[in-house]
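**Q** no sequence for this one, just the structure:
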């Protein structure tokens, strides 16, 4: 499994932007599809975005489409989630995940997970 560490969370006002980072180590990250999930307090973890190893295939949740962008840097072994026009409902802990399989919108498809980074958006 690849080891993942997220960073970049914080507290922002509605309409502002944040970029989350996911640092990968332990395996060759280029081979992995990656995804971002989030979990708001009292709610189940939900899918946010995913991309294939080459980023040729990308999926977004409807709630973030047009505002969030997932990217993957296979040279630096990094993944990113650019979040623009943030809304209070985006408040959650964001998790990076990776799999050697094709990207999926479900948690069960991912064997490697980071510890999460907290995002708080106030109105």
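**A** Nice, I can see it. Treat the numbers as computed from the prediction; the structure is a model and nothing was measured.
**Q** For the spatially most central residue of the chain, which non-adjacent residue is closest in space?
**A** For the chain, the residue nearest the mean C-alpha position is residue 36 (2.4 Å; CA atoms, centre = their mean). Using CB to CB, 6 or more residues apart in numbering and skipping residues adjacent in sequence, the residue nearest residue 36 is residue 48, 4.3 Å away. Heads up, the C-betas are built off the backbone N, CA and C, glycines and all.
**Q** sorry, back to before: which is the succeeding secondary structure element to the host helix or strand of the residue nearest to the centre of the chain?
**A** Using DSSP states H and E, residue 36 maps to strand 33-39. Later in the chain than strand 33-39, the nearest helix or strand by DSSP H and E is strand 46-51.
**Q** was I right about residue 85 contacting residue 15?
**A** Yes. With contacts counted by CB atoms under 8 Å, residue 85 reaches residue 15, the gap being 5.9 Å.
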